[in-house]
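Trainee: turn this into a structure:
(chains A and B)
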Amino acid sequence: METCPRSNNETCPRPTRGDAFVVGNIGDARTLIPILASDSPSSYIVALVFSGLVKYDTNVELTGDLAESWDIEDEGLAIVFHLRKNVRWHDGHPFTAEDVKFTYEKLIDPAVPTPYGGDFKMIDRLEIPDAFTVKVIYKEPFSPGLTSWHMPIMPKHLLENESFVTTKFARAPVGTGPYKFKRWKSGERIDLVANEDYFEHAPYIDRYIYRVIPDQATLFLELETEGIDLMSLEPIQFKKLTDTRFFKKRFKKFKYPFFGYTYMAYNLKDEKFKDKRVRQALNYAVNKQELIEGVLFGLGRISAGQFVPESWAYNEDVKPYPFDPEKAKTVLAECGWQDTDGDDWIDKDGKNFEFTILTNQGNDMRLKTAEIIQRRLKDIGIKVDIRVLEWAVFINEFVDKKRFEAIMMGWGLGREPDCFDIFHSSKTGPGEFNFVSYSNPELDALLVAGRRTFDKEKRKQIYHKVQKILYDDQPYMFLYVPDSLVAVHSRFENVKPSAIGIGYNFIDWWVPKAKQRYRY
Amino acid sequence: MKNKLMLTGVIIIILLILAAVFAPKIAKYDPTYINIKEALLPPSEEHLMGTDMLGRDLFSRMLFGSRIALTIGIVAVGLAAVIGVALGSIAGYFGGKIDSVIMRFADIMLCFPAFFLILAVIAVVGPSIFNIMIIIGLTSWMGMARLIRAEILTLKTRDYVLCSRVLGASNFFIITKHLIPNGIGPVLVSFVFGVAGAILMEAGLSFLGLGVQPPDPSWGNILMEGKAVLGVGWWVILFPGLAILITVLAFNLLGEGLRDALNPRIK
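Mentor: Numbers count the residues shown, from 1 in each chain, chains lettered A, B, ... in the order given. Purely as a prediction, here's the structure:
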């Protein structure tokens, strides 16, 4: 133990084993094949069952996971990983470089529907000189390459003759991570048990139980009755419902920066939104501080572009647009949008300025945000409709097919600032992430340069410019960065949120014997 | 006793209609005016029913919500009644194959759980007050069609119908002048119950976020917001809940009263 909370004359408690940790969430996992898991429930489980070659430490620097160390060679063209020896899969089979090669081959296999292939298609070839060395050679210097190897590695001996679409492995995975898969009852719960042979050390908590409770209010009731030990709180729950003595005695609340932001995206193919001055004017017309107070209860910050303030790529010099409806009106008038027919809505070429914001059902915060924006834009003469859609319909029928004028969404980001997939003009195909059809040659060049540069200082300069251009161009109305809000049962020791979240040191969490609630 | 209950229902409904008609006159505030600084104020003289999470006056929203509830209830069921009476009387009067086709179609429609059918249709055409009225109307005519058909089956053998036919009246004339006016009683009762059902249906859809879209206030979507702030602002969920309860009760009381009044056996 690095810190001891007790006074000096008491001996420092040593971590004891036992107990279970029960997490509640509104969604069930979809698949436990790591390279297919793109929804957050699946990712939570995958992160505990599998390991990648590298991971982040609490200073947001890369450190070894399945790789003990690595060398960068040929000015960034090649990475040589030295793997840990004596690591075993949960079924006892030894882990080797063959598994890494297998995972790579599946990532670039066109028959495997993985959303993570992009970074790995930059690889020219992958060699395994011996059982514990992997050499990756890129086509051109590719700085996000190293980070991309946090991708969980899959066991070749279990999957080489399986189809990724039909394999049973998707519901009964075998990995090298701190927890072993035990069972999965669809729509109800997933059970994991501690892996005694985990290569760092065996986790202290015996079981990890993931419970599916598909409603935020029910989830909160379940938390209050101690049926679950951890849940993400909504701002209103964090601020108004959890300050009771009852709650404080049983739970600890944590607030830490979230890596991501909420935005309203414009369809840039739409005539109305083609002029960037119009997009800037809309940002002037919306009071971002009002959104933070009204929707997040003050638990968040104004977003100034693609990066969050905690990121090393964040540009301090980019300042949010102030709330200035008069200026918005002036700019719109310069662009030809004025109320010429006296109906209180601004118009141009005989057409009123009106559009529809689409958002998904079940997210109260996005809906509230849309309602406030709707009201503020009405004040400057723009008519906004809101339409709420069921999630799958929203993504498949409207976002992917670009059938929208504006959408309310959010991005969760990694620590790597590369945002080629979101904003490069080549990424506008169906289902790709540049669904707003944004295109700016200057930004394209910067995004490519950012991927080719390894020197962190130089990359910083590049991404500072990226943020500046993006914020000036406003392909999205960048809105806010919410805080991550979590409640954890107070019996758990060693819970320490950091820049990389809360679960990173889960294997070091433990419960004193007297407080343990579950026996196995 | 029955009459007193019915009278209560009628009074409540009249009050509701007055509230809906004069909503802009009664409401002190714009129901869509957002003022974050006044969010979640409890009921007071300023705000009779308090304010919601975005600081909008709940009383004003409830008043405007009553317009939506009543409009959807009456228009949707009105549409259902027109379709139901037309199809039911044609089926009952002509009988034979026409009857089989129409009534089997009604049976098929009845097999779908209405709420989920409506959810699916809304997902395709998009939610709006207009669409909701149309969809509820198109999916709830079957009961009325059955009622009017049953009435007409007995009425069409009466002597005065025969007489009318002998005198050379057209089928259309017989159906609209003799049969429907004489057989409309049960449909009227069903209409009143139907309004209550449609109001509930709209509230349910809006509660799921798939009904009336913001910023238009509907009792259902106010209720949905109330769920999120339950424990902080009880008033946001109490008032729309009560409003739905009382309105549906009132229509049901009226419906029951009407049924008894129109049923000669009870008199």
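Trainee: can you give me the helices for chain B?
Mentor: Taking DSSP state H as the test, the helices found in chain B are B:2-21, B:23-26, B:58-94, B:96-111, B:114-125, B:129-138, B:142-155, B:159-166, B:171-173, B:180-183, B:185-207, B:219-229, B:234-262.
Trainee: just the element for residue A:126, please.
Mentor: Assessed by DSSP states H and E, residue A:126 sits inside strand A:123-130.
Trainee: so how far is residue B:56 from whatever residue of chain B ends up closest to chain A?
Mentor: Chain A sits closest to residue B:36 of chain B, with a gap of 4.1 Å, by Cβ to the nearest Cβ. Quick note: C-beta positions are derived from backbone N, CA and C, even for glycine. Separation of residue B:36 from residue B:56 (Cβ to Cβ, to the nearest Å): 10 Å.
Trainee: neighbour-wise, which of the two wins?
Mentor: A count of neighbours by other Cβ atoms under 10 Å in any protein chain shown puts residue B:56 above the other of residue B:36 and residue B:56, at 25 against 17.
Trainee: show me the contacts for that one.
Mentor: Neighbour list for residue B:56: B:29, B:31, B:32, B:33, B:34, B:35 [criterion: Cβ atoms under 8 Å, 6 or more residues apart in numbering or on different chains].
Trainee: is chain A contacted by the lowest-mean-pLDDT helix or strand in chain B?
Mentor: Lowest by mean pLDDT, DSSP states H and E among the helices and strands of chain B is helix B:114-125, with a mean of 84. Yes - counting by Cβ under 8 Å from any Cβ of the partner chain, chain A has neighbours in helix B:114-125: residue B:123.
Trainee: packing partners for that helix?
Mentor: Other helices and strands packing on helix B:114-125, by 3 or more Cβ pairs under 8 Å, 6 or more residues apart in numbering or on different chains; DSSP states H and E, are helix B:129-138, helix B:185-207.
Trainee: so which of these is the most surrounded?
Mentor: Each of the helices and strands packed on helix B:114-125 was scored by mean neighbour count; the highest is helix B:185-207, a mean of 23, by mean count of other Cβ atoms under 10 Å in any protein chain shown.
Trainee: next, the angle helix B:58-94 makes with that helix.
Mentor: 140 degrees (axes from the mean of the first three to the mean of the last three Cα atoms, to 10 degrees).
Trainee: show me which positions of the least confident helix or strand of chain B end up buried.
Mentor: Neighbour-count burial for helix B:114-125, counted by 16 or more other Cβ atoms under 10 Å in any protein chain shown, picks out B:114, B:118, B:119, B:121, B:122, B:123.
Trainee: could you pull up the residues touching the first one?
Mentor: Read it as residue B:114. Contacts of residue B:114 by Cβ under 8 Å, 6+ apart are B:139, B:140, B:201.
Trainee: write out the residues of the stretch 351-500 of chain A neighbouring chain B.
Mentor: Checking the stretch 351-500 of chain A against chain B by Cβ under 8 Å from any Cβ, the hits are A:361-362, A:364, A:367-368, A:370-372, A:374-375, A:385-390, A:393.
Trainee: out of those, which are buried?
Mentor: For these, buried by 16+ other Cβ under 10 Å: A:361-362, A:364, A:367-368, A:370-372, A:374-375, A:385-390.
Trainee: among those residues, which one lies nearest to residue A:487?
Mentor: Nearest to residue A:487 among those is residue A:364, at 18.3 Å by Cβ to Cβ.
Trainee: chain A contacts on the stretch 1-150 of chain B?
Mentor: B:32, B:33, B:34, B:36, B:39, B:53, B:54, B:55, B:123, B:126, B:127.
Trainee: PyMOL command for the buried members of those?
Mentor: Filtering these down to the buried ones (16+ other Cβ under 10 Å) takes a single PyMOL command:
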select buried, chain B and resi 32+34+36+39+53+54+55+123+126+127
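Trainee: what about residue 245, neighbour count?
Mentor: Picked chain A for this. Counted with other Cβ under 10 Å, residue A:245 comes out at 7.
Trainee: actually, chain B is the one I wanted.
Mentor: Neighbours of residue B:245 (other Cβ under 10 Å): 10.
Trainee: OK, contacts around it?
Mentor: Residues in contact with residue B:245 (Cβ under 8 Å, 6+ apart): none are found.
Trainee: check residue B:248 too.
Mentor: Neighbouring residues of residue B:248 by Cβ under 8 Å, 6+ apart: B:196, B:199, B:200.
Trainee: can you give me every residue that contacts the last one?
Mentor: Remark: with contacts taken as Cβ under 8 Å, 6+ apart, residue B:200 is in contact with B:244, B:248.
Trainee: and it, how far is that from residue B:207?
Mentor: Separation of residue B:200 from residue B:207 (Cβ to Cβ) stands at 10 Å.
Trainee: between the contacts of residue B:56, which sits nearest residue A:35?
Mentor: residue B:34 (44.6 Å).
Trainee: got the contacts of residue B:114 as TSV, with pLDDT columns?
Mentor: Shown next, in TSV, are the contacts of residue B:114 (pLDDT from 0 to 100):
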residue	pLDDT
B:139	90
B:140	90
B:201	91
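Trainee: what's the offset of stretch A:429-439 from the middle of its chain?
Mentor: How far stretch A:429-439 lies from its chain's middle: 19 Å, per Cα atoms, centre = their mean, to the nearest Å.
Trainee: what are the buried residues along that stretch?
Mentor: Within stretch A:429-439, the residues that qualify as buried are A:433, A:434, A:435, A:436, A:438, counting by 16+ other Cβ under 10 Å.
Trainee: how about residue A:31, phi and psi?
Mentor: When read as degrees, to the nearest 10, the backbone of residue A:31 gives phi -150, psi 150.
Trainee: per-residue confidence at it?
Mentor: In this model, residue A:31 is scored at 90, pLDDT.
Trainee: what's the neighbour count on it?
Mentor: Neighbourhood size, residue A:31 [other Cβ under 10 Å]: 20.
Trainee: what about the closest residue in space to it that isn't next to it in sequence, distance to residue A:95?
Mentor: In this structure, residue A:31 finds its nearest non-sequential neighbour in residue A:170, 4.5 Å apart by Cβ to Cβ, 6 or more residues apart in numbering or on different chains. Look at residue A:170 and residue A:95: by Cβ to Cβ, they are 20 Å apart.
Trainee: with residue A:222 instead?
Mentor: Residue A:222 is 38 Å from residue A:95, by Cβ to Cβ.
Trainee: who's more crowded, those two?
Mentor: More crowded of residue A:222 and residue A:95, by other Cβ under 10 Å: residue A:95, with 24 against 17.
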